[in-house]
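K.L.:
here are the coordinates; sequence isn't available:
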C-alpha cells in the first residue's frame, strides 16, 4: 500500500462535509508514493512523537494537528525559530511521510468534535 492510498481511503469516509479543494487534510511532508511499512498516529506532531514513530519502524504518521503551529500551515514566519528549522530538517532527512487528518475527523458523525463535545458538555451539566 502506498501512503496516498491511506488518504484516498480516508476520503471515502467523508459524509459530504469536507471541501477537498481547501482542506488541511493533505500531506505535509514526505513522498505520498512511498510504500507503507508501518503507520504512527497521533493527535499532535510533537518532534519526540515523530522520532518515536520512526524508531518503531513507522514511515507514515497521521496526525490531527499541524506540524508548525499555524492551522493552515501557511505562515512561513515560523521558520525564524531554530526548533522549527531543526524539525523540518529532521523530517526531510528521516523520510517520514506526514498526513494530516483534521477536517474529516472533526465532523465524523457521533464521534467528531461537534457531537462528542455536545455529549460531553450535556453529561457534565446534569
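P.N.:
Looks like it arrived, so ask away. Please read these numbers as outputs of a predicted model, since none were measured by experiment. Residues are numbered from 1 along each chain as shown.

K.L.:
give the buried residues for the regular element (helix or strand) spanning residue 92.
P.N.:
Assessed by DSSP states H and E, residue 92 sits inside helix 82-94. Neighbour-count burial for helix 82-94 flags 84, 87, 91 (criterion: 16 or more other C-beta atoms under 10 Å). Placement of C-beta: from N, CA and C, glycine included.

K.L.:
where in this protein is the helix or strand with the lowest mean pLDDT?
P.N.:
Least confident helix or strand of the chain, by mean pLDDT, DSSP states H and E, is helix 113-124 with a mean of 66.

K.L.:
okay, now residue 59: neighbour count?
P.N.:
Neighbourhood size, residue 59 [other C-beta atoms under 10 Å]: 20.

K.L.:
what do you get for the one 10 residues further on?
P.N.:
Using other C-beta under 10 Å, the number of residues around residue 69 comes to 12.

K.L.:
from residue 82, how far off is it?
P.N.:
Distance check for residue 69 against residue 82: by C-beta to C-beta, to the nearest Å, it reads 14 Å.

K.L.:
cool, residue 55 as well?
P.N.:
Taken as C-beta to C-beta, the span from residue 55 to residue 82 is 23 Å.

K.L.:
for residue 56, same thing?
P.N.:
From residue 56 to residue 82 the distance is 27 Å (C-beta to C-beta).

K.L.:
ditto for residue 97
P.N.:
With C-beta to C-beta as the criterion, residue 97 and residue 82 are 24 Å apart.

K.L.:
got the residue ranges for the strands in the chain?
P.N.:
Secondary structure of the chain (DSSP state E): strands located at 27-29, 39-42, 60-63, 97-100.
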